[in-house]
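[1] This is the structure alone, sequence omitted:
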Ligand code: GLA
């Protein structure tokens, strides 16, 4: 990937840019909790987006995507929004830095990635984080702190890509550390690294290769449900700003004030916030059985209460249970993508072979298998 990027950069711009990269992410547990002020527990992985970048002394951004084989130019004013989808992530990052009083001028860039697209591994956050990190170094002497860089990526999604996402993906992409998961309190911004080397286990992702076109509007709808439920609870308990502040019994108090659908969404979130804490406690005791059981509970919630699973994901989850996999659940926003599985080493081969066989038989295509390696986040190469 690196050589290809450097070669293309040279052929397009006749110089050598500086190389930056940022990572995709997994999340062990804590799904749809970030925009509810709850905990998440992600880590960066060993695939990501890499870019060569160099200021070009103009006010135009000139960028080539190797994976799309497409060259785009755009200006830096608000009315220069690119028509294509992918350049909007870069344009958004530039705009969000400028809006915060930071500096961005024209630059040349070539980038490529190896995060599987649409698999729920946050390729878009990796793209935003790569550019946010690089533009901070190239134009702002690194003066924007990393948390703000994550917010810049998040605001890019909100304001230029139509997804009202939380902070988890950009945070993980920027803060990731080799061999560690990060528990983030999305309300306070406090975070803690947990070394993650589950002795005798493997973490494997099974990608259904299913992508839903309406995923971003369905995602935004989930968020609205949560906000309505939190507002109803706040009427009785003014200290509640986010669903993560609410006790389960407080939700029961408003059961007949909110729709059944909003109730179920909120029930899932309140349970999930607690599960992250339980998993972190269990990890400190090396109690992987509890970690795994919580993962199955999360899957149940995401499938039946939050309704962001799909037939293919439910199939893989059931199969994992049958194969005695310790923990399994849909990962990321849902509506397709991967399951994350915590599996004993001695069961790994049987599980993967069975999943490949039975999934293919049922759905006519094979799931993809990714072995997870927890790696560093954003960096200059
Ligand atoms: C997507 C969003 C994140 C988070 C997850 C679900 O990945 O970008 O902010 O909400 O879904 O946990």
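    Great, that's in hand. What you see is a predicted model; the values in this text were computed from it and never measured.
[2] so residue 108 sits in a strand?
    Yes - Residue 108: assigned to a strand according to DSSP: H, G, I helix; E, B strand; the rest coil.
[3] Now do the SS call for residue 338.
    Three-state call for residue 338 (three-state DSSP): strand.
[4] buried stuff in stretch 206-220?
    Residues 206, 207, 208, 209, 210, 212, 215, 216, 219 are the ones in stretch 206-220 that count as buried (16 or more other C-beta atoms under 10 Å). In short, each C-beta sits where N, CA and C put it, glycine included.
[5] and what of stretch 158-168?
    158, 160, 161, 163, 164, 165, 166, 167, 168.
[6] So which of those residues reach the ligand?
    Contacts with the ligand are made by 165, 166, 168 out of these, judged by C-beta under 6 Å from any ligand atom.
[7] list the contacts for the first one?
    What it means is residue 165. 34, 35, 154, 157, 158, 219, 333 (C-beta atoms under 8 Å, 6 or more residues apart in numbering).
[8] what number of residues lie near the first one?
    Translated: residue 34. Other residues near residue 34 come to 23 when the count uses other C-beta atoms under 10 Å.
[9] Mind checking what secondary structure the closest residue to it other than its chain neighbours has?
    Closest residue to residue 34 apart from its sequence neighbours, by C-beta to C-beta, 6 or more residues apart in numbering: residue 166 at 2.7 Å. The local conformation at residue 166, judged by three-state DSSP, is coil.
[10] repeat for residue 365
    Under three-state DSSP, the three-state class of residue 365 is coil.
[11] what's the closest non-adjacent residue to it?
    residue 209 (6.2 Å).
[12] can you confirm that neighbour is in a strand?
    Yes - when three-state DSSP is applied, residue 209 is found to be in a strand.
[13] just checking, it touches residue 368?
    Yes - counting by C-beta atoms under 8 Å, residue 209 touches residue 368, with 6.3 Å between them.
[14] what is in contact with these two at once?
    With C-beta under 8 Å, 6+ apart as the test, residue 209 and residue 368 both reach residue 119.
[15] and the helix or strand hosting residue 127, how far out from the chain's middle?
    Remark: residue 127 resides in helix 123-140, with elements defined by DSSP states H and E. Per C-alpha atoms, centre = their mean, to the nearest Å, the displacement of helix 123-140 from the mean C-alpha position of its chain is 16 Å.
[16] what helices or strands is that helix leaning on?
    If contacts are counted by 3 or more C-beta pairs under 8 Å, 6 or more residues apart in numbering; DSSP states H and E, helix 123-140 sits against strand 18-27, strand 42-55, helix 86-99, strand 107-113, helix 146-156, helix 168-175, strand 379-380.
[17] on that earlier part again, so of the buried residues of stretch 158-168, which two are at opposite extremes in space?
    Across those, the longest distance by C-beta to C-beta is 18.8 Å; it joins 160 and 168.
[18] Any figure for the gap between the closest residue to the ligand within the stretch 201-350 of the chain and residue 118?
    In the stretch 201-350 of the chain, no residue comes nearer to the ligand than residue 333, which is 3.3 Å away by C-beta to the nearest ligand atom. According to C-beta to C-beta, to the nearest Å, residue 333 and residue 118 sit 10 Å apart.
[19] More neighbours: which of these two?
    Using other C-beta under 10 Å as the criterion, residue 333 and residue 118 rank with residue 333 on top: 24 against 17.
[20] so what's the closest residue to that one other than its chain neighbours scoring on pLDDT?
    The shortest distance from residue 333 to any non-neighbouring residue, by C-beta to C-beta, 6+ apart, is to residue 219 (5.4 Å). pLDDT for residue 219: 94.
[21] Now name the helix or strand holding residue 219.
    For residue 219, the element it lies in under DSSP H and E is helix 215-236.
[22] Buried ones in that helix, by neighbour count?
    215-216, 219, 222-223, 225-230, 232-234.
[23] how about JSON lines for these, with distance to the ligand added?
    JSON lines is the format used below for the buried residues of helix 215-236 (distance: C-beta to the nearest ligand atom, whole Å):
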{"residue": "215", "distance to the ligand": "9"}
{"residue": "216", "distance to the ligand": "10"}
{"residue": "219", "distance to the ligand": "7"}
{"residue": "222", "distance to the ligand": "9"}
{"residue": "223", "distance to the ligand": "8"}
{"residue": "225", "distance to the ligand": "13"}
{"residue": "226", "distance to the ligand": "10"}
{"residue": "227", "distance to the ligand": "13"}
{"residue": "228", "distance to the ligand": "17"}
{"residue": "229", "distance to the ligand": "16"}
{"residue": "230", "distance to the ligand": "15"}
{"residue": "232", "distance to the ligand": "21"}
{"residue": "233", "distance to the ligand": "20"}
{"residue": "234", "distance to the ligand": "21"}
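[24] Out of those, which two sit at the greatest distance?
    215 and 234 (28.7 Å).
[25] Does the residue nearest to residue 333 touch residue 163 like I think?
    Yes - counting by C-beta under 8 Å, residue 219 touches residue 163, with 6.2 Å between them.
[26] what does this protein have sitting close to the ligand?
    Selection of the chain residues close to the ligand by C-beta under 6 Å from any ligand atom yields 31, 32, 34, 35, 122, 165, 166, 168, 169, 332, 333.
[27] residues contacting the second one?
    Right, residue 32. Residue 32 makes contact with 166, 222, 226, 268, 269, 272, 302, 306, 308, 333, according to C-beta under 8 Å, 6+ apart.
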